[in-house]
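Trainee: turn this into a model:
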Amino acid sequence: MAENRINREQTTRETTTRKQAWRRPETLPAPKEEPGYGYRWIRVATQGQVDATNVSSKLREGWEPVKAVDHPEITVVTVEQEKFRDNVVIGGLMLCKAPIEMVNERNDYYNQQNESQINSVDNSTRKIPIASNYGTAIFNGDLVQYTSDGTIIITTMQNNTSAVAGIIGVFVGCSYTDPNTNQLTFRQSYPGSIVASDIEAFVIDNPNQLYKVVNVTGSTANGATTGLLPLAKSRATTVSCNAELVLNTGVVASGNSRMGVFINNVTSILPITVVDVVPDTVDSSGNFTEFVVKLTTGYHRYTHTVGV
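Mentor: Coordinates of the predicted model:
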């Protein structure tokens with residue numbers, strides 16, 4: 001009977017003892033926070049080399065390295081740098097703390113910076129629809145134009161010698177609900193033939209916007225739309241001239257445009273006006289391969305008196 005009682009007591013203890021739940025190990029464990037402080041991990045080393053510049057910068061900003069003895073809940077097996085042996089260092093990152101007021105001020109500052117950048121992008125671009133199942137790919141940097149139904153397509157203008165309404169600006173990305181995943185998708189380029197009712201292009205539509213573009217060999221007038229190479233020209237023979245738009249299929253891997261211009265030293269009415277050279281592209285002869293351009297007045301939809 002005594003043996004049965006012992007077995008029952010042991011069974012009862014095993015049943016009532018709380019089992020410890022498994023927890024996924026964290027690469028950077030969260031410290032037990034001290035009231036009034038915020039915490040972050042500071043990079044102290046890269047590939048085994050101490051990053052003294054980054055550490056000094058963060059210390060001047062107000063971050064204070066915490067002591068390992070103050071955080072026994074964080075297990076550190078090895079000390080990676082003798083200099084930080086008393087601190088909590090994992091994978092080249094050192095745990096630091098700062099007064100919560102300073103942390104909040106810092107976060108507010110960077111949030112405002114991010115918001116300003118987002119607003120800048122929103123203010124310089126406009127969302128314009130692309131028709132469902134439009135079959136031609138549009139790449140980041142391609143000129144696009146309006147159609148009569150209010151959607152956009154990649155421009156078909158090349159060396160038009162008379163101003164034609166339609167060009168609305170430069171394509172810089174798009175969004176749509178992917179018909180295969182039903183997920184909202186953002187892309188740098190439009191791949192073509194997407195069946196969706198919510199395809200929106202992000203377009204820089206300012207008619208006075210300046211762009212950097214490559215001057216290329218040949219022109220669309222003689223069919224040279226593939227295999228084009230940069231063509232260097234002097235400032236004297238290009239600035240204030242007009243140029244032909246050279247259409248070319250973009251790069252699928254990067255999503256970037258391969259459109260260029262052909263500056264033929266003419267003053268005829270053409271879609272592109274050369275404003276300046278790009279100094280960084282000067283060669284040993286003093287010529288340039290890239291130029292600052294804008295749409296010629298009358299070619300942009302907002303500066304043309306006739307509708308589409």
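
Trainee: now stretch 88-95: buried residues?
Mentor: Within stretch 88-95, the residues that count as buried by 16 or more other Cβ atoms under 10 Å are Val88, Val89, Ile90, Gly92, Leu93, Met94, Leu95. Every C-beta, even on glycine, is put in place using the N, C-alpha and C of the backbone.

Trainee: show me where this protein has its helices.
Mentor: 2-16, 52-61, 100-124 (DSSP state H).

Trainee: worst mean pLDDT among the ones you listed?
Mentor: With a mean of 54, helix 2-16 has the lowest mean pLDDT of the helices of the chain.

Trainee: show me how the chain divides into domains.
Mentor: 32-124, 127-303 (automatic domain parsing).

Trainee: the first one: how far from the chain's middle?
Mentor: Chain-centre distance of domain 32-124: 25 Å, with Cα atoms, centre = their mean, to the nearest Å.

Trainee: how about the longest one?
Mentor: Centre-to-centre, domain 127-303 and its host chain are 19 Å apart (Cα atoms, centre = their mean).

Trainee: give me the mean pLDDT for that domain.
Mentor: Taken as a whole, domain 127-303 has a mean pLDDT of 86.

Trainee: compute the first-to-last residue distance for it.
Mentor: 19 Å (Cα to Cα, to the nearest Å).

Trainee: could you measure from Ser148 over to Gly166?
Mentor: 10 Å (Cβ to Cβ, to the nearest Å).

Trainee: comparing those two, which residue is more hemmed in?
Mentor: It is Gly166, of Ser148 and Gly166, that has more neighbours when counted by other Cβ atoms under 10 Å, with 24 against 8.

Trainee: check contacts around that one.
Mentor: By Cβ atoms under 8 Å, 6 or more residues apart in numbering, the contact set of Gly166 is Gln145, Tyr146, Thr155, Met157, Arg301, His304, Val308.

Trainee: what does Leu28 give?
Mentor: Contact analysis of Leu28 by Cβ under 8 Å, 6+ apart lists Trp41, Ile90, Gly91, Leu93.

Trainee: among these, which ones are in strands?
Mentor: Counting by DSSP state E, the contacts of Leu28 place Trp41, Ile90, Leu93 in strands.

Trainee: list just the nearest of those residues to Asp198.
Mentor: Checking these against Asp198 with Cβ to Cβ, the nearest one is Trp41 at 39.9 Å.

Trainee: closest to the centroid, which residue in this structure?
Mentor: Residue closest to the mean C-alpha point of the chain, counted by Cα atoms, centre = their mean, is Gln188 at 8.9 Å.

Trainee: surely Ser268 is in contact with Asn242?
Mentor: Yes: checked against Cβ atoms under 8 Å, the pair Ser268 and Asn242 is within contact range at 6.3 Å.

Trainee: who's more crowded, the two?
Mentor: Using other Cβ under 10 Å as the criterion, Ser268 and Asn242 rank with Asn242 on top: 20 against 11.

Trainee: look up which residues are beta-bridged to that one.
Mentor: Val266, Thr273 (DSSP bridges).

Trainee: how close does it get to Arg43?
Mentor: Noted for Asn242: a distance of 52 Å to Arg43, by Cβ to Cβ.

Trainee: do the same with Val144
Mentor: Going from Val144 to Arg43 by Cβ to Cβ gives 43 Å.

Trainee: so which of those two has more stuff around it?
Mentor: Using other Cβ under 10 Å, the more surrounded residue of Val144 and Arg43 is Val144, with 24 against 13.

Trainee: isn't Thr46 up against Gly92?
Mentor: Yes: using Cβ under 8 Å, Thr46 is in contact with Gly92, at 6.2 Å.

Trainee: in this protein, which strand is the longest?
Mentor: Secondary structure of the chain per DSSP E: the longest strand is strand 167-177.

Trainee: and the domains of the chain, which is most packed in?
Mentor: domain 127-303 (a mean of 17; mean count of other Cβ atoms under 10 Å).

Trainee: CA atoms only: put stretch 282-297 into CSV for me.
Mentor: Taking C-alpha atoms only, stretch 282-297 is exported to CSV below (Å, rounded to 0.1, in the frame of the first residue of the first chain):
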residue,chain,number,x,y,z
VAL,A,282,32.7,64.0,-70.9
ASP,A,283,35.3,62.1,-72.9
SER,A,284,39.0,62.8,-73.7
SER,A,285,37.9,64.9,-76.7
GLY,A,286,35.6,67.1,-74.7
ASN,A,287,32.4,65.5,-76.0
PHE,A,288,29.5,64.1,-74.1
THR,A,289,27.3,61.0,-74.3
GLU,A,290,24.5,62.0,-71.9
PHE,A,291,22.4,65.2,-72.0
VAL,A,292,19.8,67.0,-69.9
VAL,A,293,16.6,67.2,-71.9
LYS,A,294,12.9,68.1,-71.7
LEU,A,295,9.8,67.6,-73.8
THR,A,296,9.5,70.2,-76.5
THR,A,297,6.7,72.7,-75.8
